[in-house]
Structures are given as structure tokens and as C-alpha cells.
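Enquirer: could you work out the structure for the sequence below:
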Amino acid sequence: QVQLAESGGGLVQAGGSLRLSCAASGFTFNTYAMGWFRQAPGKEREFLSAIGRLGATTPAANSVEGRVTLSRDNAENTVYLQLNNLKPEDTAMYYCAASQQSLYMFAQNLLADYWGKGIQVTVSS
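Expert: You can find the predicted model right below:
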């Protein structure tokens, strides 16, 4: 059974940092590109960035550029999102997703094979 389980969210003060984890199971993790998305209430889902099988990453969304770092541990089947200098506008549900496409194609069409259930991040001012 495929599962993507996000963790590490919660309430954080503005200016702080957080590290989200996404633990994968049920598929061959190291053959998938992994992406992070978020969705705030009343807004469309936003693609933040993605990481390829060997660690290459896509440019980040403008909203998080310079503040976000993606990494992965293929031995632990886990992908991470580090977000620094948090702002109240970072408040959203954060989702990880897995795509068997190349990193380039995934970044182009944002079509994922699997999605996590999401985790809430709330940034207080």
C-alpha cells in the first residue's frame, strides 16, 4: 500500500524555521521525483519545488525563493522541506507528492502519482 506521510508541521512564530518530512512507503522511492506543494484556505494549490532521484532540485516558487531547501534520503525513503524566515502568509496545508516522471516533466505538468494527506503549518505574527 502506497503511503506518503508528512510530519513536522504545527504552529510556528514568524521569523522561525520548520522542517517538514515526508516518509514514503509502498513504492520504489528512489525512482520517483518528489515535490512539495501547499494550499492556503481559499487559494489554489501552489507548487513550491521538487527534487529528483539523485537530489537535483527545481527552482523554487517566488513566494519561497531563498527560504526553502529540499533534500531527500533515499536510504530512509524520506524527503524533506526546510523553510526559513517564516511569514504569516506561509500558513497553509503542505503536501508532498511523488511522480515517476523525470524531474523536468514533473515540474512542467505537476502531475503526481501519489499524494500525501497533508500537514498544517500555521505561522503566527
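
Enquirer: hang on, Ile119 packs against Leu20?
Expert: Yes - counting by CB atoms under 8 Å, Ile119 touches Leu20, with 6.6 Å between them. In short, each C-beta sits where N, CA and C put it, glycine included.

Enquirer: what touches both of those two?
Expert: 6-9, 94 (CB atoms under 8 Å, 6 or more residues apart in numbering).

Enquirer: what is the end-to-end distance of stretch 59-75?
Expert: Using CA to CA, to the nearest Å, the end-to-end distance of stretch 59-75 comes out at 24 Å.

Enquirer: what residues of stretch 35-49 count as buried?
Expert: 35-38, 46-49 (16 or more other CB atoms under 10 Å).

Enquirer: ok, now which ones touch the spatially most central residue of the chain?
Expert: Nearest to the geometric centre of the chain sits Trp36, at 2.2 Å (CA atoms, centre = their mean). Residues near Trp36 by CB under 8 Å, 6+ apart: 20, 22, 47-50, 70, 79, 81, 94-97.
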